[in-house]
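**Q** Sequence first, then the predicted structure, then my questions.
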Amino acid sequence: MQKTYDICIIGGGIVGLATAYKLSLQKPDLKILLLEKEPQLAAHQTGHNSGVIHSGIYYKPGSYKALKCVEGRRALVAFAKLHHIAHDICGKIIVATDNSELNHLNKVFQHGQQNGVEDIEMISSETITEIEPHCKGISGIRVGCTGIIDYPAVTQTLANLVVSKTQNKINTGTAVTGLQFESDTYTIVCNSERFYAKHIINTSGLQADRTIKKTGQSSKAKIVGFRGDYYDLTPEAQHKVKHLIYPVPNPKFPFLGVHFTRMVHGGIECGPNAVFVFDREGYSKTAFRLKDTLDAFAFKGTWKFFAKHWKFGLDEYRGAFSKAYFLKRLQKLLPDLKSEDIVASRCGIRAMALGPEGEMLDDFHIEWGPHAMHVINSPSPAATACLAYGEEIAIQAISRFNIQ
Ligand SMILES: Cc1cc2nc3c(=O)[nH]c(=O)nc-3n(C[C@H](O)[C@H](O)[C@H](O)COP(=O)(O)OP(=O)(O)OC[C@H]3O[C@@H](n4cnc5c(N)ncnc54)[C@H](O)[C@@H]3O)c2cc1C
């Protein structure tokens, strides 16, 4: 007899796992299957991110990002405490280094107030140096509720809770290659195996636009990848950074600018930049995949994005290949940082959903198909927001799929 699950979630990153967890809390009898193509969970964005618990200060008031980040951060910290997951609410500072940044710095602060972010204050250049003695700025914001955390551990804890209910199953090493909907049931094709489910939820991150295509539907958005390269501070230079130091972000882009992050298991990272990639899952500076490249360039939105933002793109490429250029950006915040203080380390790739006019879909974005929910855009701060976002996805799925 074929076993039919109520819901199959495709993608074992933090959003897929938080969704499974929240579904299983809201409807404890649901039979949930989660499929992940890699041998382990959190193998892509979730396991390659900066490990920061964002406060919610940056986002447009009223946006999903703002609402879910603030709500999700509080839920995440409580979850981490309850399940003994490594985290530290160490706080951060956002630092303006020239007058041209002051307007936007003030706007970020106002957003923080409107979004209900607790423990924030404008700080003077003297206070910046008291908090971070090597940092030089003309004005800043201290954000006390920002923290750092081990996101793969959060994902694994969510997975343990999901499978603690014996009717649920998580399969890693299981790539979904086909999706057919017939007689009220999805047949989920995974190379040699078949699974069956009444509904599907697509949380496949960098591949979300391809997963929707497998159902015969297509999204108006195209996913492109932006790699973020990191440098590590050498052990001798680590005294130069106490907590987290961020620049004032460029308001035109959803990236926060290269910054300094203390990591929850030790060490200090500098980065990430934001470089357009030719391989969505290629973790090296020269990675190239024909399928991903053709896919990106066959989409007119990519060309429009390049036409609008070529200067930004060139600048990011320069930073990717020139240590001196990367260092120069970091020195804006830490003028006494030296080339020998930083060594190239890892990278991560962000999924960015582009619209047909080359616009970046800046907020969380969901599309629907028959008995299918497609989470197309889960950009930062989706890791911070995972519990609030997973709850929202679960509520919408239960209502839309009419699950009793
Ligand atoms: C460099 C970088 C820094 C970041 N920093 C932060 C930060 O500090 N704080 C923060 O809150 N957010 C941060 N983010 C954003 C955050 O990490 C992501 O928003 C979040 O991890 C997205 O989770 P996800 O589950 O949607 O995607 P992913 O973690 O990418 O998971 C999607 C999963 O789907 C799987 N999959 C794809 N196709 C298939 C298929 N056909 N079959 C089965 N499985 C499939 C993939 O293998 C993958 O594991 C950062 C992201 C990056 C890349």
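**A** Good, I have the coordinates. Residues are numbered from 1 along each chain as shown.

**Q** distance of the nearest residue to Phe326 once chain neighbours are set aside from the ligand?
**A** Once flanking residues are discounted, Phe326 sits nearest to Gly319: 4.9 Å by C-beta to C-beta, 6 or more residues apart in numbering. For the C-beta atoms, the positions are set from N, CA and C on the backbone; glycine is no exception. Distance of Gly319 to the ligand, given as C-beta to the nearest ligand atom, to the nearest Å: 14 Å.

**Q** Quick one: the helices in the stretch 251-400 of the chain, in order.
**A** 290-297, 300-321, 323-331, 386-400 (DSSP state H, counting those that start in this stretch).

**Q** Could you point out which of those helices sits nearest Gln113?
**A** helix 386-400 (19.8 Å; C-beta to C-beta).

**Q** Is any residue of stretch 367-386 near the ligand?
**A** Yes - applying C-beta under 6 Å from any ligand atom, one finds stretch 367-386 in contact with the ligand at 378-384.

**Q** Please pick the buried ones from the residues you listed.
**A** Buried subset of the residues of stretch 367-386 next to the ligand (neighbour count, 16 or more other C-beta atoms under 10 Å): 378-384.

**Q** quick revisit: tabulate the residues of stretch 367-386 next to the ligand (TSV), appending pLDDT and distance to Lys213.
**A** Listed next are the residues of stretch 367-386 next to the ligand as TSV, based on pLDDT from 0 to 100; distance: C-beta to C-beta, whole Å:
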residue	pLDDT	distance to Lys213
Ser378	96	18
Pro379	94	20
Ser380	95	25
Pro381	97	27
Ala382	98	22
Ala383	98	26
Thr384	98	29
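
**Q** for the residues you listed, which one is nearest Glu391?
**A** Using C-beta to C-beta, the residues of stretch 367-386 next to the ligand come closest to Glu391 at Ala382, 13.0 Å.

**Q** Quick check on the closest one: phi, psi?
**A** phi -60, psi -30 (degrees, to the nearest 10).

**Q** from memory it sits against Leu17, does it?
**A** No - taking contacts as C-beta atoms under 8 Å, Ala382 lies outside contact range of Leu17: 11.9 Å.

**Q** where do the strands sit along the stretch 1-150 of the chain?
**A** 4-10, 32-35, 52-53, 87-88, 92-96, 120-124, 139-143, 147-149 (DSSP state E, counting those that start in this stretch).

**Q** Looking at the chain, which residue is nearest the ligand?
**A** Gly13 (2.1 Å; C-beta to the nearest ligand atom).

**Q** CA atoms only for the helix-or-strand element of the chain with minimal mean pLDDT, dumped as CSV, please.
**A** Every helix and strand in the chain was compared by mean pLDDT, DSSP states H and E; the lowest is helix 300-321, with a mean of 84. Extracted in CSV, the C-alpha atoms of helix 300-321 (Å, rounded to 0.1, in the frame of the first residue of the first chain):
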residue,chain,number,x,y,z
LYS,A,300,15.4,39.8,-19.3
GLY,A,301,15.2,40.9,-15.7
THR,A,302,18.9,39.9,-15.3
TRP,A,303,19.9,42.2,-18.1
LYS,A,304,17.8,45.0,-16.7
PHE,A,305,19.4,44.5,-13.3
PHE,A,306,22.8,44.7,-14.8
ALA,A,307,21.9,47.8,-16.9
LYS,A,308,20.7,49.6,-13.7
HIS,A,309,23.5,48.4,-11.3
TRP,A,310,26.6,47.8,-13.4
LYS,A,311,28.7,50.1,-11.3
PHE,A,312,27.8,48.3,-8.1
GLY,A,313,28.5,44.9,-9.9
LEU,A,314,32.0,46.0,-11.0
ASP,A,315,32.8,47.3,-7.6
GLU,A,316,31.8,44.0,-6.0
TYR,A,317,33.9,42.0,-8.6
ARG,A,318,36.9,44.2,-7.8
GLY,A,319,36.4,43.5,-4.1
ALA,A,320,36.2,39.7,-4.8
PHE,A,321,39.5,39.5,-6.6
